[in-house]
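Student: Here you go, sequence then predicted model.
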Amino acid sequence: MSAREKILNAIASNQPELTALPLMDKNVLIRYEDVYAQFKTVLESIGGKVKLIPSLTELKEQLIADKASGNFVVNAIADLGKLDNQVASFTALDLEKVEKAYIKGTAGVAENGAVWIYESQMLNRLLPFICQHLIIVIDIAAIVATMHQAYENIDVAKEGFGAFIAGPSKTADIEQSLVIGAHGARSATIYVVG
Amino acid sequence: MKTTHAALAEKFIADEPRTNWHDETLWFVREKRDKAAHGLPEWEQLREWGSQIKNHTLSNLSNYLKEFEEKAVANGIKVHWAADGDEHNKIIHDIIRKHNIQKIVKSKSMLTEECHLNEYLQEHGIEVVDTDLGERIVQFRKEPPSHIVLPAIHLKKEDVSATFHEHLGTEKGNNDPQYLTEAARQHLRDKFVQSQLAITGVNFAVAETGGFVVCTNEGNADMGAHTAPVHIACMGFEKIIPKAEHLSVFLRLLARSATGQPITTYSSHFHKPRPNQEMHIVIVDNGRSRQLGREDFRNSLKCIRCAACFNTCPVYRRSGGHSYHTAVAGPIGSILNPNLDMKANADLPFASTLCGSCTNVCPVKINIHEQLWKWRQIIVAEGYVAASKKMGMMGMDFLLSRPTVYRFAGKMGRWLMRILPFVTNNKLNVWYKQREMPEPPKESFRDWYLKNGKTNKK
């Protein structure tokens, strides 16, 4: 008998009688008067920066300036300017030099400051993690109160990969002292358009 | 001689200021958890949902595992099954040999600790680099993690500084956490970009979609998994949840329970390998199916490894993770480990005050303290306790079930403590250690009550 059969048989004979899944009444969930304000407060409390912008104009100019600075800056947002599609095939050694990446997010979560990003929005799976500084852009209408509504608005299996990202990379593994910039981005700025 | 929790804890508490620091630090984490939990009016409802989803999953586990496998295979993931730790290690070793892999990075996985993967591979001449900062620190020091979420919580920044000075050449005596973390960042980025294999754990595996979720704050799981041409994710079979929508419940509970954060920085959802990447999942039993069959203990398999029970435990906080001599320490470890090896871990269910705080904070409502008590009964019945404890319990049983003998013994005890105090005030009496014995009262409560109880009654 293979390990698979052995394990599945043991489980089948040892598992308890079937119980039901809970019916989750979404009416009990926390509501926020202003989801944007909550999103901003939480994100700032976990090391992120949040800016409300009326349109993409300011960001377009910033991207042009960033590109002109000579740093390796990657744009993954079509609305901002030319896409750096070439990074899709870049290796970690190439991407290691990325100073800043501009990435669009699909949904923002007010209760925890997380933003859902699909693989297709990253151009390369590694990009939002390996870049030194991360810029995420979301529409204000894409911010929902909790993770429950966020999962209703996304399809986790639509693409090969996707992630909720909440602020910059961090660690407190040395004496519980919070240090921003562990292995991933040293800063995360979320621009909310609306 | 076997190393027991009590003996190891004695070593840990020899350094009193450090013990106090450890205690206070973990209590601080517990307080952060409280603050996060109290911020959500539906917190108790979330715990109830989490508990019921896990109960349901365990009751239909074989079907969910088959569904998960089918979907994962359709997604292009290779699925392996391992009956025990040894099979798990061999599966990984085979993949390493097939690709002639030299450079391996691993993010946190308590399962690989449980299976002793690093040691196994080391014996075969293969080096694994742990990439979680805390895990890298303890790996340099050749120590196991002392906490499942905060692996280096037993260390002070001076210890980390000395370790990094030795292994990474950082400035001697520079204890700045920012500086030390930066040094580790540079060192590990180098390891990430060269990696040929990334090993990660799994926080949740979704039956409905055949994908899995890995949560980190540092980003180390992603740095490895999206770089290396081969990714192996290792999971105990209890990591399964039925649907993607259930992730909302568990991701809301996990980080708040663990560290008081509203969510981990990265919650990465893996469904398909990237082009030219190989993605493997190893599903491990290692005693779990046996635990599933133990009615009193099966719901220990609901655990989501948040470590809230560690941080709140008065014994863990004052004895340190290493005193539990197992991969998963703390209260949850003390109900999981006797299933893995009852004899070797017979001491663990006794390393508790049974205060019940673990049960109160558990995000999936595992009745941890009741299971600790139940394990004690089994362990005594199986004869795995020290003769002194067994004799003591038999003596107590005799005494406490015979009121006349009990009253006489009480009287004798009070008299003896008064006229011959050295009978109790000596090194043989463990209750006398670090304590003064109390003044013996002149009479027992019962005697007092017989005299005064009735007259005071209204």
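Tutor: Structure's in. What do you need? Numbering: from 1, shown residues only, chains lettered A, B, ... in the order given.

Student: Run through who's touching the helix or strand containing B:Lys90.
Tutor: Using DSSP states H and E, B:Lys90 maps to helix B:85-98. For helix B:85-98, the external contacting residues (Cβ atoms under 8 Å, 6 or more residues apart in numbering or on different chains) are A:3, B:80, B:82, B:101, B:104, B:111-112, B:114-117, B:120-121, B:124, B:126, B:197, B:199, B:230, B:232, B:234, B:280, B:282, B:284, B:286. In this view, the C-beta of every residue, glycine as well, is placed from N, C-alpha and C.

Student: how about a cut-off of 6 Å?
Tutor: Identification of contacts with helix B:85-98 by Cβ atoms under 6 Å, 6 or more residues apart in numbering or on different chains yields A:Ala3, B:His80, B:Ala82, B:Cys115, B:Leu117, B:Tyr120, B:Ile232, B:Val282, B:Val284, B:Asn286.

Student: now that helix: mean pLDDT?
Tutor: The average of the pLDDT scores along helix B:85-98 is 98.

Student: Check which residues of it are buried.
Tutor: Residues B:Gly85, B:Glu87, B:His88, B:Asn89, B:Ile91, B:Ile92, B:Ile95, B:Ile96 are the ones in helix B:85-98 that count as buried (16 or more other Cβ atoms under 10 Å in any protein chain shown).

Student: Over to the nearest residue to A:His148 once chain neighbours are set aside: give its phi and psi.
Tutor: Residue nearest to A:His148 in three dimensions, not counting chain neighbours: B:Ser248, with 4.5 Å by Cβ to Cβ, 6 or more residues apart in numbering or on different chains. Backbone dihedrals for B:Ser248, given as degrees, to the nearest 10, come out at phi -60, psi -40.

Student: Neighbours of B:Ser248, how many?
Tutor: Around B:Ser248 there are 22 other residues, counting by other Cβ atoms under 10 Å in any protein chain shown.

Student: same deal with the one 4 residues further on?
Tutor: Neighbour count of B:Arg252, defined by other Cβ under 10 Å: 27.

Student: got the contact list for the residue of chain A found nearest chain B?
Tutor: Of all residues in chain A, A:Gly184 sits closest to chain B, at 2.8 Å by Cβ to the nearest Cβ. Residues near A:Gly184 by Cβ under 6 Å, 6+ apart: A:Phe129, A:Ser169, B:Gly219.

Student: before we move on, what SS does the closest residue to the last one other than its chain neighbours have?
Tutor: Across the structure, with Cβ to Cβ, 6+ apart as the measure, the residue nearest B:Gly219 apart from its sequence neighbours is A:Gly184 (2.8 Å). Here A:Gly184 is recorded as coil under DSSP: H, G, I helix; E, B strand; the rest coil.

Student: residue boundaries of the strands in the chain?
Tutor: Just going to use chain A. For chain A, applying DSSP state E gives strands covering A:49-53, A:73-75, A:100-104, A:107-109, A:115-118, A:133-139, A:143-144, A:161-165, A:170-171, A:179-180, A:187-193.

Student: try chain B instead
Tutor: Here chain B has its strands, by DSSP E, at B:78-82, B:104-106, B:128-130, B:197-200, B:204-206, B:211-216, B:230-236, B:240-241, B:266-270, B:278-284.

Student: Quick one: those strands as CSV, columns for distance to B:Val29 and mean pLDDT too.
Tutor: What follows is the strands of chain B, written out as CSV (distance: least, Cβ to Cβ, whole Å; pLDDT from 0 to 100):
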stretch, distance to B:Val29, mean pLDDT
strand B:78-82, 33, 98
strand B:104-106, 24, 98
strand B:128-130, 22, 98
strand B:197-200, 24, 98
strand B:204-206, 22, 98
strand B:211-216, 17, 98
strand B:230-236, 24, 98
strand B:240-241, 25, 98
strand B:266-270, 20, 98
strand B:278-284, 29, 98
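
Student: Just want the residue of the stretch 301-450 of chain B that's nearest chain A.
Tutor: B:Leu301 (10.1 Å).

Student: you'd agree that residue is up against B:Lys239?
Tutor: No: taking contacts as Cβ atoms under 6 Å, B:Leu301 lies outside contact range of B:Lys239: 9.8 Å.

Student: got any residues that touch both of the two?
Tutor: In contact with both B:Leu301 and B:Lys239: no residue, using Cβ under 6 Å, 6+ apart.

Student: how much space is there between B:Lys433 and B:Glu119?
Tutor: 36 Å (Cβ to Cβ, to the nearest Å).

Student: In space, what's closest to B:Gln194 - neighbours in sequence excluded?
Tutor: B:Lys103 is the one closest to B:Gln194 (Cβ to Cβ, 6+ apart), at 5.2 Å.

Student: what's around that neighbour, how many residues?
Tutor: Neighbourhood size, B:Lys103 [other Cβ under 10 Å]: 17.

Student: quick one, phi/psi of the residue of chain A closest to chain B?
Tutor: Backbone torsions for A:Gly184, taken as degrees, to the nearest 10, come to phi -90, psi -150.

Student: tell me the pLDDT at it?
Tutor: Reported pLDDT for A:Gly184: 96.

Student: most centrally placed residue in chain A?
Tutor: The residue lying closest to the centre of chain A (Cα atoms, centre = their mean) is A:Ile165, at 2.9 Å.

Student: For that residue, give me its contacts.
Tutor: Applying Cβ under 6 Å, 6+ apart, the residues near A:Ile165 are A:Val115, B:Tyr266.

Student: Do a quick rundown of the helices in the stretch 251-400 of chain B.
Tutor: All helices of the stretch 251-400 of chain B, identified by DSSP state H, counting those that start in this stretch, fall at B:288-293, B:308-312, B:314-319, B:330-340, B:357-361, B:368-381, B:387-400.

Student: Just put those in JSON lines and tack on distance to A:Val137, mean neighbour count and mean pLDDT.
Tutor: Formatted as JSON lines, those follow (distance: least, Cβ to Cβ, whole Å; neighbours: other Cβ atoms under 10 Å in any protein chain shown; pLDDT from 0 to 100):
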{"stretch": "helix B:288-293", "distance to A:Val137": "44", "mean neighbour count": "21", "mean pLDDT": "98"}
{"stretch": "helix B:308-312", "distance to A:Val137": "35", "mean neighbour count": "28", "mean pLDDT": "98"}
{"stretch": "helix B:314-319", "distance to A:Val137": "44", "mean neighbour count": "20", "mean pLDDT": "98"}
{"stretch": "helix B:330-340", "distance to A:Val137": "41", "mean neighbour count": "27", "mean pLDDT": "98"}
{"stretch": "helix B:357-361", "distance to A:Val137": "38", "mean neighbour count": "20", "mean pLDDT": "98"}
{"stretch": "helix B:368-381", "distance to A:Val137": "44", "mean neighbour count": "18", "mean pLDDT": "96"}
{"stretch": "helix B:387-400", "distance to A:Val137": "64", "mean neighbour count": "11", "mean pLDDT": "87"}
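
Student: Around residue 157, count how many other residues there are.
Tutor: Using chain A. By the criterion of other Cβ under 10 Å, A:Ala157 has 18 neighbours.

Student: that's the other chain; I wanted chain B
Tutor: When neighbours are counted by other Cβ under 10 Å, B:Lys157 registers 16.
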